[in-house]
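A.B. asks: With the sequence up front, the predicted model follows.
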Amino acid sequence: MRRVHTALAVIVLTGIFAASPLSAQAGKKNIPAALLGGVAGAGSGGYIAISVIVAESRAGKFVDSIDDVLGWRSAPVLIGGVTGVVVGATAPDRLLRTVVYGSVGTLAGTGIGAVAGKLMWDGPEAKWAGGAIGAGIGMAIGSSLGLFLPMKNNDEDGTPDAAANAVRIPVSFTIRF
Amino acid sequence: MRFHSAFCLAMAVSAMSVTAGCTGTLPSLPESRIPEPRPAELETVLFLMGDAGEAHADTDPVLRVMQADVERWSSLMPRDSAIVVLFLGDNVYPVGVRDATDPGFPEDSAKLQAQIDVVNGVQAKAKGVRGIFIPGNHDWGQTTGLEGIVRLRNQDAMLKRRNAEGSPVWLLPVAGTPGPHILDIGSRLRILLMDTAWWLIAGKDTSKQTVFRETKRAVDNAGSRDVLVAAHHPFRSASSHGGLMSFWRGVGLRYLLNRSGAILQDLSSLPYRSLTEALLAAFAENPPLIFAGGHDHNLQVIDGRGGPEPKYHLVSGAGSKEDNVGFIKGMRFRHAASGYMRVMFYRDGRVDLFVIAAPGDQTPKCSAPDPVAREKCMVLTANKFTDVYSMRLK
């Protein structure tokens, strides 16, 4: 349990340190967004980590105690936390959309997963396992869509800014001579 | 603005959730006290203490209290070999007894010695009191395979050395084997000692069928003896391993992993469930009177649910740590402070249970650096231990 607290402390400190220079660049009003982004990102990563652990357990590989959760399995928590801080500090609206999409994905994934788990496995933990796995998948899909889909920016008068909303897809190819 | 509204909403929801999680109240349980039996009526006295692997002789009063209790009953009991002290696993935290060359070995040895000394008193030795150590998951070093067996063998080796020096202590079942080891005490009691940690880490080991058959045979041919199954892992529990914990413990991770059956040491994991299902099948025709375990760090008395289940579930895992305890159907008693249990078997077949514990809801420790102050604390705190619950089991 002490290791869990240590990891959380690392995430929070990472958020605070990462937010400081970014907020100086993007304006002090983004500090709360960066902090919330860190917490939300770490939480989202936690759900994804749980879904990985639960999926492993359904395959017969268990963690012995909560302390074993740390290690490579906790990577999504750290990645999510840092990503959340950066997005919160630089693009609060994108963070909000990511949180909303991620939450919707989590809820949908939980429901679908719980039903699927109950159908696939026996025992009282089946629906929870299915729900946990589904939540992680839903969270990953929802958050990714919220994070990577282009934002719709409006001009002062409310009309869409065509230049800002243009979807840019970098394409590269190699020509061999 | 849009962001700040969402931020405030999230904070409000979180605050409400935290408040909701903290205001749950547990149903109160009826008190029960029965008079202490007359020694002449007794045939066997059994002490149950689990998870004592973090207790130190000079800082944890519970071991001193238990040793005094063992001495007292040793002097009162008219016959020899009538008292057994069962240490219900996790005898050495955090990773069992390490190799003699390991820097952690002296600390591991001291922890085990503190428990050995419970049966080292003058009266206990004179009356042939036995101290039995059952392996728990921490005695396996929280690991599997050969490394775990080595940790158990280290513990076994130390107990054998002490045994050769005159301390009546054993590790049972034999290191690395699942049991059940049958211990018939007097004419009325059969104890089945099981290494349930073995079962959880054995995967699909084919010898599980043998364990099942041996367990069934042991309960079926017990005759008129009361059967008590002793293991580290409890059959039922209203504490964290049983899934009763605050959602916010470990920021929800612990709760979700428990519910999903992903933690091996929780009752909800598939291997643990296969263990209880196999035991239920073995108990089908002759349910034991008592299933005693530790694992969760508190004291619980729970009624069985009928059918093949043991009639009573005892959780005595408060030897050196404490953890909150909730409520499940059939619960008769709960206490989250350091202590132990004493089960008393009468010549005429009656069986009484006494729970001896510290008051309050924490494990008292005397950790003052000054030895005189520490000793004063030990004496004062030990005097506060009382019989907090007692009932007739049969």
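C.D. replies: That came through, no problem.
A.B. asks: who touches stretch B:73-84?
C.D. replies: Stretch B:73-84 is contacted from outside by B:39-40, B:42-47, B:70, B:121, B:123-124, B:126-132, B:183, B:185-186, B:191, B:342, using CB atoms under 8 Å, 6 or more residues apart in numbering or on different chains. Glycine gets a C-beta too; all of them are placed from N, C-alpha and C.
A.B. asks: Need the buried ones from those selected in ChimeraX.
C.D. replies: Buried residues among these (16 or more other CB atoms under 10 Å in any protein chain shown), as a ChimeraX selection:
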select /B:39,42,43,44,45,46,47,70,121,123,124,127,129,130,131,132,183,185,191,342
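A.B. asks: list the helices and strands the host helix or strand of residue B:300 packs on?
C.D. replies: Taking DSSP states H and E as the definition, residue B:300 sits inside strand B:299-303. If you count contacts as 3 or more CB pairs under 8 Å, 6 or more residues apart in numbering or on different chains; DSSP states H and E, strand B:299-303 packs onto strand B:312-316, strand B:331-335, strand B:339-346, strand B:351-357, strand B:386-392.
A.B. asks: between the ones you listed, which gets nearest to chain A?
C.D. replies: Of all these, strand B:312-316 sits nearest to chain A, with 18.0 Å by CB to the nearest CB.
A.B. asks: got the angle between the closest one and strand B:339-346?
C.D. replies: Computed by axes from the mean of the first three to the mean of the last three CA atoms, to 10 degrees, the angle separating strand B:312-316 from strand B:339-346 equals 140 degrees.
A.B. asks: and strand B:312-316 with strand B:386-392, angle?
C.D. replies: 160 degrees.
A.B. asks: per-residue pLDDT, the most centrally placed residue in chain A?
C.D. replies: Per CA atoms, centre = their mean, the C-alpha nearest to the average position across chain A is that of residue A:44, at 4.1 Å. According to the prediction, residue A:44 has pLDDT 88.
A.B. asks: same deal with residue A:38?
C.D. replies: Looking at residue A:38, its pLDDT is 91.
A.B. asks: State whether it is indeed within a helix.
C.D. replies: Yes: counting by DSSP: H, G, I helix; E, B strand; the rest coil, residue A:38 is found in a helix.
A.B. asks: these two touch, right, it and residue A:78?
C.D. replies: No: taking CB atoms under 8 Å as the definition, residue A:38 is not a contact partner of residue A:78, at 10.5 Å.
A.B. asks: more crowded one of the two?
C.D. replies: residue A:38 (28 against 17; other CB atoms under 10 Å in any protein chain shown).
A.B. asks: For residue A:81, see how far away the more buried one is.
C.D. replies: 5 Å (CB to CB, to the nearest Å).
A.B. asks: how far is stretch B:25-41 from where the chain is centred?
C.D. replies: 19 Å (CA atoms, centre = their mean, to the nearest Å).
A.B. asks: what's the answer for stretch B:268-286, then?
C.D. replies: How far stretch B:268-286 lies from its chain's middle: 19 Å, per CA atoms, centre = their mean.
A.B. asks: Mind listing what's buried along that stretch?
C.D. replies: For stretch B:268-286, the neighbour count (16+ other CB under 10 Å) marks B:268, B:269, B:270, B:271, B:272, B:273, B:275, B:276, B:278, B:279, B:282, B:283 as buried.
A.B. asks: Please save the CA atoms from it in CSV.
C.D. replies: Output in CSV follows, covering the C-alpha atoms of stretch B:268-286 (Å, rounded to 0.1, in the frame of the first residue of the first chain):
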residue,chain,number,x,y,z
SER,B,268,-13.1,-13.9,-4.7
SER,B,269,-10.2,-15.2,-6.8
LEU,B,270,-10.8,-18.3,-8.9
PRO,B,271,-8.2,-20.4,-7.0
TYR,B,272,-9.6,-19.4,-3.6
ARG,B,273,-13.1,-20.2,-4.8
SER,B,274,-12.0,-23.5,-6.1
LEU,B,275,-10.5,-24.2,-2.6
THR,B,276,-13.7,-23.4,-0.7
GLU,B,277,-15.7,-25.4,-3.3
ALA,B,278,-13.4,-28.4,-2.9
LEU,B,279,-13.7,-28.2,0.9
LEU,B,280,-17.4,-27.9,0.7
ALA,B,281,-17.5,-31.1,-1.4
ALA,B,282,-15.2,-32.8,1.1
PHE,B,283,-17.4,-31.7,4.0
ALA,B,284,-20.6,-32.8,2.3
GLU,B,285,-21.5,-35.7,4.6
ASN,B,286,-19.8,-34.6,7.8
